[in-house]
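In: based on what follows, work out the 3D shape:
(one chain, ligands or ions: 1)
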Amino acid sequence: MIRAIYPGSFDPVTLGHLDIIGRAAKTVDELIVGVLNNGGKTPMFSIDERVSMLEEVTAGIPNIKVMSFSGLLVDFAKQTGATTIVRGLRAISDFEYELQMAQTNRKMYPLVDTMFLATSLEYSYLSSTIVKEVAFFGGDIREFVPESVVLKVQERVQPVIQKDKKSGQI
Ligand code: PNS
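Out: Numbers count the residues shown, from 1 in each chain. Next comes the predicted model:
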């Protein structure tokens, strides 16, 4: 019985995340999507909003549970009984940080191992940061995030775009 965690900020969830979630769910018995509640950062979406967006877009996958966590990922793994961490690798530039995280996590909690999935080619350029950047400048994000997330991001950036227009900045 393999219980795995796919951790991330998911601010917001992208089609790249969804690709990894779908493929990981096929290879493990239970997949917990762990949404980081990071007090140090100001996200676009609150932790509850991110969890509920993920629940909505993963509703069709039976062996998935979406949970928030704060603090160390290894402590969350201990609490949930997960022994595998899933991470997606988009490019070689991801590798150094991901390797460091995987090794640190295993040093802190030797029962946990990290499984890397190569991101599908069509999403190798994609990140939540890029999605927000495109949205802030009024670009089309329909190819980047699930349909139900498009409107939520647009609603969130609209007041900023309006404000910038008024002040003559765009
Ligand atoms: O995909 P993201 O948003 O970059 O996810 C990063 C995440 C959440 C996996 C990482 O920041 C994390 O695990 N944070 C929890 C704190 C922790 O355990 N840090 C030490 C890892 S070595």
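In: buried residues, stretch 80-91. List them.
Out: Judged by neighbour count using 16 or more other Cβ atoms under 10 Å, the buried positions of stretch 80-91 are Thr80, Ala82, Thr83, Thr84, Ile85, Val86, Arg87, Gly88, Leu89, Arg90. Any C-beta I mention is one placed from the backbone N, CA and C, and that applies to glycine too.
In: out of those residues, who's nearest the ligand?
Out: Distance ranking of the buried residues of stretch 80-91 against the ligand, using Cβ to the nearest ligand atom, places Arg87 first at 7.1 Å.
In: ok, and what's touching the worst-scoring helix or strand of the chain on mean pLDDT?
Out: Scoring the helices and strands of the chain by mean pLDDT, DSSP states H and E places helix 147-166 at the bottom, with a mean of 84. Contacts to helix 147-166, defined as Cβ atoms under 8 Å, 6 or more residues apart in numbering, come from residues 12-13, 44-45, 49, 53, 56-57, 131-132, 135-136, 138, 141-142, 145, 170.
In: the ligand next: which of these are close?
Out: With Cβ under 6 Å from any ligand atom as the criterion, those include none near the ligand.
In: now, those that are in strands?
Out: Counting by DSSP state E, the contacts of helix 147-166 place none of their members in strands.
In: buried among those residues? Make that a PyMOL selection.
Out: Of the contacts of helix 147-166, the buried ones go into a single PyMOL selection, burial set by 16+ other Cβ under 10 Å:
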select buried, resi 12+13+44+45+49+53+57+131+132+135+136+141+145
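In: near the ligand, which residues of the protein show up?
Out: Counting by Cβ under 6 Å from any ligand atom, the residues of the chain close to the ligand are Pro7, Gly8, Ser9, Leu36, Leu72, Leu73, Met101, Thr104, Asn105.
In: okay, now the unreliable bits of the chain?
Out: Counting by pLDDT under 70, the chain contains low-confidence ranges at 159, 161-163, 165, 169-170.
In: re earlier: from the buried residues of stretch 80-91, pick the one nearest Ile20.
Out: Gly88 (4.1 Å; Cβ to Cβ).
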